[in-house]
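Student: Take a look and give me a structure for this.
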Amino acid sequence: MTGKKAGEGFSKGLIEGVQKWGSMKQTGVSLRYMMEFGSRPTTRNLLISAQFLHKELPIRIARRAIELQSLPYGLSYKPAVLKVRDWYLDSFRDLRSFHDIKDKSDELEFTQMIKMIKVRHNNVVPMMALGVQQLKKDLDAKINYKDLDEIQQFLDRFYMSRIGIRMLIGQHVALRDPSPLPDCIGYIHTKMSPVEVARNASEDARSICLREYGSAPDVNIYGDPNFTFPYVPAHLHLMVFELVKNSLRAVQEKFMDSDKVAPPIRIVVADGLEDVTIKVSDEGGGIPRSGLPKIFTYLYSTAKNPLDEHSAIDLGTVTTMAGYGYGLPISRLYAKYFGGDLQIISMEGYGTDAYLHLSRLGDSQEPLP
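Tutor: Numbering: from 1, shown residues only. Presented below is the predicted three-dimensional model:
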């Protein structure tokens, strides 16, 4: 490992800029605002959007860069975390060195740049997972995970902020799409059918289960396929995929050597006045109560991490049945980003129910860490 100190190789001016911008106030937006604003992607609105991002993104990115430099247990100096920090500093520099946005050609150029920033940060999650793994290797195996609360809270803030940054960039870039999909405003689908998204996500999860185990339990979905509400389908797909994948794995492993037929996973979509709730139920044996607090931590996974330091896999394309134990905590952040939540209720010896609550109102502001 190189003994590169935080910020080495970056100019003093840049580091001072990060400190200055990192102390500014962030501005949150709501799903409803993104929808109303994006429904008229005029040249003027795209200009306003780019000007907003030109000021907002450096603040959000600087805050994360500062936090990355002062993590407990020496996590900041793990090679993988230094790499992530460099990505954030590079992106901050790109944004700050971009001139004021005054006309359409400025806005186009700016859009190309933030597209590149989004790609640069594609592998932040696996890379941070690798950093935490590097840390766990060095820490005493007997360390009490309660002591790692600080890292847990940092990662929650860090990933929540990342969801917001990617949503803002993705939304702006998508508004420029010359041929948008019907009923879509950027990333937001104004008439999204949760039943349809749940079906697609389940099929994706089942195909991975089939690949891994040679068979997969059925998934039955209950709910009105014609019911729609405005949401970001990519976010919902990710959350349902993760929940169904966990259920499939639990059922598959419980019934693998049994002559009984594996019971199906049941998905129920309920349409309430305030919330849309999606329940994913399985009979995969459940989780012991002592294990429940651990399922939302980033420092715990029952499966071995597919991202080994020595593997030269392309991080972007890998989806395995079980991973760096990040699926649940990150899914919960996606739910909370638009004012929802994710709860897991388990009956050890029987199975698990996951309740995904999505806010229907779209009015809640982004939770800004």
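
Student: Distance check, the residue lying closest to Glu196 once chain neighbours are set aside against Arg176.
Tutor: Setting aside the residues directly before and after it, Glu196 is nearest to Pro225 in space (C-beta to C-beta, 6 or more residues apart in numbering), at 6.2 Å. (Each C-beta comes from the backbone N, C-alpha and C, glycine too.) Pro225 sits at a distance of 31 Å from Arg176 (criterion: C-beta to C-beta, to the nearest Å).

Student: where does the residue nearest to Glu196 land in three-state SS?
Tutor: coil (DSSP: H, G, I helix; E, B strand; the rest coil).

Student: Strands along this structure, start to end?
Tutor: Along the chain, counting by DSSP state E, strands occupy 184-185, 188-192, 219-222, 229-231, 265-271, 275-282, 341-347, 351-359.

Student: Return the distance of the closest residue in space to Ile163 that isn't next to it in sequence relative to Val261.
Tutor: Closest residue to Ile163 apart from its sequence neighbours, by C-beta to C-beta, 6+ apart: Tyr337 at 5.1 Å. Distance, Tyr337 to Val261, by C-beta to C-beta: 38 Å.

Student: Pick out whichever of these two has more residues nearby.
Tutor: Neighbours were counted for Tyr337 and for Val261 using other C-beta atoms under 10 Å; Tyr337 has more, 19 against 9.

Student: which residues touch that one?
Tutor: 160, 163-164, 167, 235, 366-367 (C-beta atoms under 8 Å, 6 or more residues apart in numbering).

Student: Nearest to Leu139 among the strands of the chain would be which one?
Tutor: Leu139 lies closest, by C-beta to C-beta, to one member of those: strand 341-347, at 26.5 Å.

Student: List the contacts of Arg360.
Tutor: The contact partners of Arg360, taken as C-beta under 8 Å, 6+ apart, are 229, 272-276.

Student: By neighbour count, which of those wins?
Tutor: Val276 (22 neighbours).

Student: what sits against the residue nearest to it when sequence neighbours are not counted?
Tutor: Nearest non-adjacent residue to Val276, counting by C-beta to C-beta, 6+ apart: Leu358, 4.6 Å away. Leu358 is in contact with 194, 231, 236, 275-278, 335, 338, 340, counting by C-beta under 8 Å, 6+ apart.

Student: Next: Gly285.
Tutor: Contacts of Gly285 by C-beta under 8 Å, 6+ apart are 250, 254, 348-351.

Student: Reformat those residues as JSON lines; add pLDDT, neighbour count and distance to Leu148.
Tutor: Output for these, formatted as JSON lines (pLDDT from 0 to 100; neighbours: other C-beta atoms under 10 Å; distance: C-beta to C-beta, whole Å):
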{"residue": "Ala250", "pLDDT": "95", "neighbour count": "22", "distance to Leu148": "25"}
{"residue": "Lys254", "pLDDT": "94", "neighbour count": "19", "distance to Leu148": "30"}
{"residue": "Glu348", "pLDDT": "96", "neighbour count": "14", "distance to Leu148": "25"}
{"residue": "Gly349", "pLDDT": "95", "neighbour count": "8", "distance to Leu148": "29"}
{"residue": "Tyr350", "pLDDT": "96", "neighbour count": "12", "distance to Leu148": "31"}
{"residue": "Gly351", "pLDDT": "97", "neighbour count": "21", "distance to Leu148": "29"}
